[in-house]
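# Based on what follows, work out the 3D shape:
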Amino acid sequence: MENLVRSYGYFGVFLVLLISNASILFPLPGIFIVFVAGAVLDPRGVAIAAGLGAAIGEFTGYLLGVGGGKLIQKRAAFNVARNTFKRYGSWAIFVFASLPLPFDVVGMLSGALGVHALVFFVLTFAGKTTAYMLYAFTGREVTQLLTGLLEGRVNAYTIGFLIVMAVFVSGVLLFWNYLLKKNDDSSGSAGKL
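Numbers count the residues shown, from 1 in each chain. Below is the predicted model:
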């Protein structure tokens, strides 16, 4: 994998993330490439290339929303995204783009609600680049930590980093679960009236 990343460099990262984010029915693991590329290339360049590819790739969801938004409005994740969008406005695009959550629904919602394409692109690029910066630097750090562990070096930094990453991932998953449960509760109580 390291040789592959070195061979194609930043353009390869851009292309993989463009394809990964353009595929809706068959999502590809683009985050893994960012993680690996961050260990081999400059993480800042990886984040920018990945963010640009992802933002362009996300236009497939946006265009689906423009063309057929009414077909997807019955999904629970769509309702959560719509309610969040109504509450926080266009900045919800940035927030959702920066979190490791299903973003296709937000793209479809943005298209269905008529968000300007440039606003969608800029906020998606900013959010994805922010997230990929974290993944790329994490890839670099984890590679160094694993190398240290294999060489028998364990320190407080290694243990602290692993704890912080576990708490972060758990927090994101719990928050997403909370949003889905809250949406189910509100739609269930509305049906009882």
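# just how off-centre is the top helix by length along the chain within its chain?
In the chain, assigned by DSSP state H, the helix with the most residues is helix 156-192. With C-alpha atoms, centre = their mean, to the nearest Å as the basis, helix 156-192 stands 15 Å off its chain's centre.
# Over to stretch 40-51?
That offset, for stretch 40-51, works out to 15 Å (C-alpha atoms, centre = their mean).
# Quick check: Asn83 touching Leu180?
No: the criterion here is C-beta atoms under 8 Å, and Asn83 misses it with Leu180 at 11.5 Å. Backbone N, C-alpha and C define where each C-beta goes, glycine included.
# Of all the residues in stretch 154-164, which ones are buried?
By 16 or more other C-beta atoms under 10 Å, the buried positions in stretch 154-164 come out as 158, 161.
# send the alpha carbons of that stretch over as CSV?
Taking C-alpha atoms only, stretch 154-164 is exported to CSV below (Å, rounded to 0.1, in the frame of the first residue of the first chain):
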residue,chain,number,x,y,z
VAL,A,154,5.6,2.3,25.2
ASN,A,155,5.1,5.7,26.9
ALA,A,156,2.4,7.9,28.3
TYR,A,157,1.9,9.6,25.0
THR,A,158,1.1,6.3,23.3
ILE,A,159,-1.4,5.3,25.9
GLY,A,160,-3.0,8.8,26.0
PHE,A,161,-3.3,9.0,22.2
LEU,A,162,-5.1,5.6,22.1
ILE,A,163,-7.5,6.6,24.8
VAL,A,164,-8.3,10.0,23.1
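# what's next to that stretch, contact-wise?
If you take C-beta atoms under 8 Å, 6 or more residues apart in numbering as the criterion, stretch 154-164 is touched by 141, 145, 148-149.
# and which of those is nearest Leu174?
Taking C-beta to C-beta as the measure, Leu174 lies nearest Glu141 of the contacts of stretch 154-164, at 23.6 Å.
# The closest one sits in which helix or strand?
In this assignment (DSSP states H and E), Glu141 forms part of helix 117-150.
# Equivalent analysis for Ala54, please.
In the assignment (DSSP H and E), Ala54 maps to helix 43-57.
# now for that helix, which elements pack on it?
Applying 3 or more C-beta pairs under 8 Å, 6 or more residues apart in numbering; DSSP states H and E, one finds that helix 43-57 makes contact with helix 2-22, helix 30-40, helix 117-150.
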